[in-house]
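Enquirer: Kindly return the folded structure for what I paste below:
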Amino acid sequence: MSTRWNWIGSYSFAILAALIAGPLLSSLSVVQSLSIVSLRLSGPNVVRLAADGLALVLLWMMAAAAFREIPDNGRGMGLFRNLVLPLTALLTLLFTNKALKTVGLPFVEQIGNARYAWGYAIGLVITGGWFTLAWVFHLDALRAVWSTRAQSRKLVPAEEQLAESEEVSTKRSDPTSKPVSLATNGQTPVMLGRYKVLKELGRGAMGVVYLGKDPKIQRFVAIKTMRLDEIDDDEKLEDFKARFFREAESTGRMSHPNIVTIYDAGEEQNLGFIAMELLEGTPLKQYARIPKLLSQKDVLSTLATVADALDYAHQQGVVHRDIKPANIMITKDQTVKVMDFGIAKMASNNKTQTDIVLGTPTYMSPEQIAGRKVDGRSDIFSLGIVLFELLAGQPPFTADNLSALLFTITHNPHPAISSFRKDLSPMVQEILDRALQKELPQRYRRAGEFAQDLRACLHSLAA
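Expert: This is a model prediction of the structure:
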């Protein structure tokens, strides 16, 4: 569970503790000897009522935290946010009635059974009406959930069908060329360099990803591989190997707390491989769809960290080329990690065909689609798409096929984020407008500037 939701467990535990403490404390002999004569309540009943009252106070604190933390995104989460307080009021009334009927009956009798019944009935009408009105007035948020899902099924088949493979090749000049296979021969190698291969983890941009172990220092690593025997020209093969290891070396030289560390690169059994830090955590892809969206503050803070990491990499001469939610992870200790640095470029060097564009289509920059030379500003455009998606629950550019999607990214303006979220700071739109500029001179020059604006927006929310 992310730190953003830790309050749920804390309040739930405290409420449960209060409910358990009441009966336990009421059984103590010192408590049983006490009483409040004026209210005709025994000591155990007073303790039980006090414990129940504390539980209700904690319940309201939990409801206030939920109302504060849950984003009002105009959809399912927004509906739940607006139902939290009336639902808590209704639960409070029901729980209070139960508590008074069981341990506070003398107090009820002092008020008068008829008066108490009327008060309880009026309370039910008021809280029930509040809950009903909150539901009715925000029913459009529930409809938005279903309409968004239906629209996503219609408009983003390219994302669903193509982006699941970590990388897609779009050939622009040689339609007869055969796609390069990312699979191995089906046999898991025993060793890759000095690393013992334990099992296959999955398949990514370069080929098969293995879980490995360095027997010398007992360190587990992720090993990403790429087939070398697909290149049938010796000269091209040697050129690729030189580029492959040069790129691995430049990426491996980077030392940044928010960039996955590369330990080693080598060649074994016609496989080029890269051994890198093994991470445990949750990729941002898990928070890119309703109703699992992060809060505005969490998104801005996380992507400011990513922008800082990109700025560092760009200063080292390394461009990511495949920034997307699946390549950004929040580890178990809440550290943001950018993964697969330089992998897209390494993969592109393994293609014998000419004029090939690589990357995940939804997150490509216009210059990447055009096949032009890219620099750090291409990563900034991709990060702008990620920012939009994490806030809106869908990417800014959608289409019903790959060609239309690439055309949309290249020529069509991005939609206003306010059409998806009404609760966002106006600065968010300004940041997106600059990050998603089609023309390079109008875009952020450096990812560090992007990070500064994100943090400035974050500070304005806290003010």
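Enquirer: Strands of the protein, start to end?
Expert: Listed in chain order, the strands of the chain (DSSP state E) span 35-36, 41-42, 168-171, 191-192, 195-203, 208-214, 219-227, 262-268, 271-277, 281-283, 328-331, 336-338, 356-359.
Enquirer: Which one of the ones you listed lies nearest to F245?
Expert: Evaluated over the strands of the chain, closeness to F245 peaks at strand 262-268, with 5.9 Å, by Cβ to Cβ. C-beta coordinates here come from the backbone N, C-alpha and C atoms, glycine included.
Enquirer: Give me the helices and strands touching the closest one, please.
Expert: Contacts defined by 3 or more Cβ pairs under 8 Å, 6 or more residues apart in numbering; DSSP states H and E place strand 262-268 against strand 191-192, helix 234-252, strand 271-277.
Enquirer: Distance from the chain centre to the last one, please.
Expert: With Cα atoms, centre = their mean, to the nearest Å as the basis, the distance from the averaged C-alpha position of strand 271-277 to the chain average is 26 Å.
Enquirer: do the second one as well
Expert: If you compare the mean C-alpha spot of helix 234-252 with that of the full chain, they lie 33 Å apart, counting by Cα atoms, centre = their mean.
Enquirer: how about that helix: buried residues?
Expert: Across helix 234-252, burial judged by 16 or more other Cβ atoms under 10 Å covers L237, F240, F244, F245, E247, A248, S250, T251, G252.
Enquirer: How about stretch 433-453?
Expert: 434-438, 440, 443-444, 446-453.
Enquirer: just stretch 314-323 next, same as before
Expert: Using 16+ other Cβ under 10 Å as the test for burial, stretch 314-323 gives H314, V318, V319, H320, R321, D322, I323.
Enquirer: just these now: which is nearest L90?
Expert: L90 lies nearest to I323 out of the buried residues of stretch 314-323, by Cβ to Cβ, at 45.4 Å.
Enquirer: how much space between that closest one and P395?
Expert: Relative to P395, I323 is positioned 12 Å away (Cβ to Cβ, to the nearest Å).
Enquirer: Please enumerate the shared neighbours of these two.
Expert: Both I323 and P395 are contacted by Y363, under the criterion Cβ atoms under 8 Å, 6 or more residues apart in numbering.
Enquirer: which residue ranges form the helices in the stretch 51-200 of the chain?
Expert: Secondary structure of the stretch 51-200 of the chain by DSSP state H, counting those that start in this stretch: the helices cover 76-102, 105-111, 113-137, 139-155, 157-162.
Enquirer: ok so, going back, turn the buried residues of helix 234-252 into a markdown table, columns for distance to L79 and pLDDT.
Expert: Converted to a markdown table, the buried residues of helix 234-252 look like this (distance: Cβ to Cβ, whole Å; pLDDT from 0 to 100):
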| residue | distance to L79 | pLDDT |
| --- | --- | --- |
| L237 | 58 | 73 |
| F240 | 53 | 70 |
| F244 | 51 | 70 |
| F245 | 54 | 74 |
| E247 | 48 | 67 |
| A248 | 49 | 74 |
| S250 | 49 | 72 |
| T251 | 45 | 76 |
| G252 | 48 | 81 |
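Enquirer: Now do the contacts for F450.
Expert: Listed by Cβ under 8 Å, 6+ apart, the contact set of F450 reads A307, D311, I380, L383, I431, A435, Y444.
Enquirer: Now stretch 44-62: buried residues?
Expert: Buried, per 16+ other Cβ under 10 Å, within stretch 44-62: 44-49, 51-52, 54-56, 58-59, 62.
Enquirer: okay, it in CSV with CA atoms only?
Expert: Output in CSV follows, covering the C-alpha atoms of stretch 44-62 (Å, rounded to 0.1, in the frame of the first residue of the first chain):
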residue,chain,number,x,y,z
PRO,A,44,-18.8,-0.5,33.0
ASN,A,45,-21.6,1.2,31.0
VAL,A,46,-19.7,4.6,31.2
VAL,A,47,-16.5,3.0,30.0
ARG,A,48,-18.3,1.2,27.1
LEU,A,49,-20.0,4.4,26.0
ALA,A,50,-16.7,6.3,26.2
ALA,A,51,-15.0,3.7,24.1
ASP,A,52,-17.8,3.7,21.6
GLY,A,53,-17.6,7.5,21.5
LEU,A,54,-13.9,7.4,20.9
ALA,A,55,-14.5,5.0,18.0
LEU,A,56,-17.0,7.4,16.5
VAL,A,57,-14.5,10.3,16.8
LEU,A,58,-11.9,8.2,15.0
LEU,A,59,-14.4,7.2,12.3
TRP,A,60,-15.1,10.9,11.6
MET,A,61,-11.4,11.6,11.5
MET,A,62,-11.0,8.8,9.0
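Enquirer: mean confidence for it?
Expert: In this model, stretch 44-62 carries a mean pLDDT of 84.
Enquirer: shaky segments in the stretch 51-200 of the chain?
Expert: Applying pLDDT under 70 to the stretch 51-200 of the chain flags residues 71-78, 103-110, 138-186.
Enquirer: hmm, back to that, and the furthest pair within the contacts of F450?
Expert: Comparing all pairs in these by Cβ to Cβ, the longest separation belongs to D311 and I431, at 15.2 Å.
Enquirer: Low-confidence ranges, the stretch 301-450 of the chain, go.
Expert: Low-confidence segments of the stretch 301-450 of the chain (pLDDT under 70): 342-359.
Enquirer: change it to 50
Expert: Within the stretch 301-450 of the chain, the stretches with pLDDT under 50 are 347-358.
Enquirer: Please identify which of the strands of the chain is closest to L24.
Expert: Nearest to L24, of all the strands of the chain, is strand 41-42, at 16.1 Å by Cβ to Cβ.
Enquirer: list the contacts for the closest residue to L124 other than its chain neighbours?
Expert: Of all residues not flanking L124 in the chain, L93 sits nearest, at 6.4 Å (Cβ to Cβ, 6 or more residues apart in numbering). Applying Cβ under 8 Å, 6+ apart, we find L93 in contact with Y120, G123, L124, T127.
Enquirer: Now do L93 against L85, distance only.
Expert: For L93 relative to L85 (Cβ to Cβ), the value is 13 Å.
Enquirer: Could I get the phi/psi values of the nearest residue to A309 once chain neighbours are set aside?
Expert: Beyond its immediate neighbours in the sequence, the residue positioned closest to A309 (Cβ to Cβ, 6+ apart) is N258, lying 4.0 Å away. Dihedral angles of N258 (phi, psi; degrees, to the nearest 10) stand at phi -110, psi 20.
Enquirer: quick one: contacts for N258?
Expert: T305, V306, D308, A309, T335, V336, K337, V338.
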